[in-house]
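Q: Build the 3D model from these lines:
(one chain, ligands or ions: 1)
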Amino acid sequence: MNIMEISNRTASFSYAIRDVLAVANEVEAQGHEIIKLNIGDPIKYGFKTPKILTDPLSYAEKENYNFYANSQGILEFREAIAEYEKRKHNVDVSAADVVVTAGVSEGIQMTFMAFTNPGDRVLIPGIHYPSYSGNATIFENDIQYYKTVVDGNFYPDPDHIRSLMNEKTKLVFLNTPNNPTGSVYPEKILKEIVDIAGEYDACIVSDETYDLLMLEDGLKHTATANLAKDVPVIAYNGFSKVFLAPGWRLGYAYIHDPAEKIQGPWEGFNKLTRLRLSASTPLQKAGTEALKQDLNTYLPQTIKALKDRRDLMYIRLVEMEGISVYKPEAAFYIFPMLSMDQFKWKDDKEFVFDYLRQKHVLTVFGSGFGPFGKNGFRMVYLPSLEEIDSAMDKLEDLLNENRI
Ligand SMILES: Cc1ncc(COP(=O)(O)O)c(C=O)c1O
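A: The predicted structure is shown next:
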């Protein structure tokens, strides 16, 4: 007999990316092979973690890097991270302002814990990576979603952001390059948002997980910290995407806080790291060595492979009636929108489950990424070109079979 209920906090949120898996498992159990376009894990699609990261791991273990690390992260790793951020984006950050986390995910969670109280306002992109809203729900924040379509792409709308700000606003989330849309926020828009946050004494949270996965020549990542002057920023990055090692669970957060406005919550963030003792020590050692190496040993080939896949999926989608789509500029996600009035489906969820049950292609419904994701869906373009082509054939058939 069940004697306990799930806690209110845990019952209060859902995580669409993994929720669709339950139905996929049913379809698989019936003997169907599924084309999976649902998860942002390059390894599941045959991409290989680069040797600059895997080679030093055996060295770390041989050298007995198996002890608990400092809770903040081993010093030489934090120094390597600070140098790496300086080298790639010219960010001035010291090792003291870096914390090593078990993936960016842990950094996101600790930010909510250390920076917010129930009722504090947080601004989140209307189409966003669901960890932000999931955590904000658990921590009982006043969540406000800002519009993310301006200038003919999925960019944040500074005017809407301004209209949502109040004196209880603690955090303004930015995610560029973006999951789930693949958009790269223009510097001008970022600057405007940073200035608005400054006016309201809010902190910018900048998730830069996909910073080096640019798919257009000449497109460069803007590290928000570089635009911020005395506006405080907490930024995240890690080894899951650019270093193709999601299973390592290795990431970091750093702060830009020249005016010392967020030293209190940052101390809280550090305190929280002690509660979980440390991030994995051998992986930190391997990460230290990897950050000193040349990423050109694998990154250009990775980007070329992503670009070919992006181009194919995008070209196929553009040809389909009833779908509108922006071309992703980075990362490995695309977010088409359906003109629902042309189809029999009542919403994006029904469409996604039909695509899965009838055509055996797994995607994620757009409303799982926030209220402005309604009528959209997310696909990853990590599978082979053949699989992408086949999934697009099936999509075309499904659309044609369901027109009103
Ligand atoms: C925007 C964004 N932030 C954070 C994460 C989580 O990354 P990690 O594996 O480092 O926890 C993801 C994973 O998909 C992501 O897309």
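
Q: Now stretch 97-112: average pLDDT?
A: Stretch 97-112 shows a mean pLDDT of 98.

Q: Can I get it as CSV, trimmed to CA atoms?
A: The C-alpha trace of stretch 97-112 is given here as CSV (Å, rounded to 0.1, in the frame of the first residue of the first chain):
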residue,chain,number,x,y,z
ASP,A,97,35.1,33.4,-9.7
VAL,A,98,34.7,30.0,-11.2
VAL,A,99,32.8,27.0,-9.7
VAL,A,100,33.0,23.5,-11.2
THR,A,101,29.6,21.8,-11.4
ALA,A,102,28.3,18.4,-12.4
GLY,A,103,27.2,19.6,-15.8
VAL,A,104,25.6,23.0,-16.5
SER,A,105,22.4,21.5,-15.1
GLU,A,106,23.8,21.5,-11.5
GLY,A,107,24.9,25.2,-12.0
ILE,A,108,21.3,26.1,-13.1
GLN,A,109,19.8,24.4,-10.0
MET,A,110,22.3,26.0,-7.6
THR,A,111,21.6,29.4,-9.1
PHE,A,112,17.9,29.1,-8.3
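
Q: and that stretch, does that touch the ligand?
A: Yes - Stretch 97-112 reaches the ligand (C-beta under 6 Å from any ligand atom) through Gly103, Val104, Ser105. From N, CA and C alone the C-beta is placed, and that goes for glycine too.

Q: Is it correct that the first one is in contact with Tyr252?
A: No - using C-beta atoms under 8 Å, Gly103 and Tyr252 do not qualify as a contacting pair, with a distance of 9.7 Å.

Q: out of the two, which sits in the more crowded spot?
A: Tyr252 (27 against 21; other C-beta atoms under 10 Å).

Q: what bridges to that one?
A: Note on Tyr252: beta-bridge partners by DSSP bridges are Val100, Asn237.

Q: quick one, what contacts it?
A: Applying C-beta atoms under 8 Å, 6 or more residues apart in numbering, we find Tyr252 in contact with Gly73, Arg78, Ile81, Val98, Val99, Val100, Thr101, Gly107, Tyr236, Asn237, Gly238.

Q: Give me the neighbour count for the first one.
A: Taking other C-beta under 10 Å as the criterion, the count of residues near Gly73 is 26.

Q: so which strand or helix has it?
A: Using DSSP states H and E, Gly73 maps to neither a helix nor a strand.

Q: Surely it touches Gln284?
A: Yes - contact criterion C-beta under 8 Å: Gly73 and Gln284 qualify, at 6.3 Å.

Q: Tell me the residues that contact both of these two, please.
A: By C-beta under 8 Å, 6+ apart, the residues touching both Gly73 and Gln284 are Val100.

Q: Closest one of the contacts of Tyr252 to the ligand?
A: Distances from the ligand to the contacts of Tyr252, taken as C-beta to the nearest ligand atom, are shortest for Gly238 (3.8 Å).

Q: Just give the closest residue to the closest one, not the sequence neighbours.
A: Gly251 (2.8 Å; C-beta to C-beta, 6 or more residues apart in numbering).

Q: Look up how far Lys36 lies from the residue in the chain that the ligand sits nearest to.
A: Relative to the ligand, the nearest point of the chain is Gly103 (2.7 Å; C-beta to the nearest ligand atom). Distance, Gly103 to Lys36, by C-beta to C-beta, to the nearest Å: 21 Å.

Q: Ser339 too?
A: In terms of C-beta to C-beta, Ser339 sits 26 Å off from Lys36.

Q: more crowded one of those two?
A: Lys36 (24 against 11).

Q: so the more buried one touches Leu362, yeah?
A: Yes - the criterion here is C-beta under 8 Å, and Lys36 meets it with Leu362 at 4.8 Å.

Q: residues bridging contact with these two, i.e. touching both?
A: Joint contacts of Lys36 and Leu362 (C-beta under 8 Å, 6+ apart) are Ala24.

Q: which parts of the stretch 1-150 of the chain sit against the ligand?
A: Checking the stretch 1-150 of the chain against the ligand by C-beta under 6 Å from any ligand atom, the hits are Gly40, Gly103, Val104, Ser105, Tyr129.

Q: quick one: the strands in the protein?
A: 35-36, 98-101, 121-125, 142-146, 169-175, 203-207, 233-238, 251-256, 323-324, 333-334, 337-338, 361-362, 364-365, 377-380 (DSSP state E).

Q: Can you pull the domain assignment for this structure?
A: For the chain, automatic domain parsing gives the domain ranges 8-48+298-398, 52-293.

Q: among the ones you listed, which is the most enclosed?
A: Scoring the domains of the chain by mean neighbour count under mean count of other C-beta atoms under 10 Å gives domain 52-293 as the most buried, with a mean of 20.

Q: so how far does that one reach from one end to the other?
A: 7 Å (C-alpha to C-alpha, to the nearest Å).

Q: Give me the distance between the two termini of stretch 292-304.
A: 23 Å.

Q: any weak-confidence spans in the stretch 151-300 of the chain?
A: 151 (pLDDT under 70).
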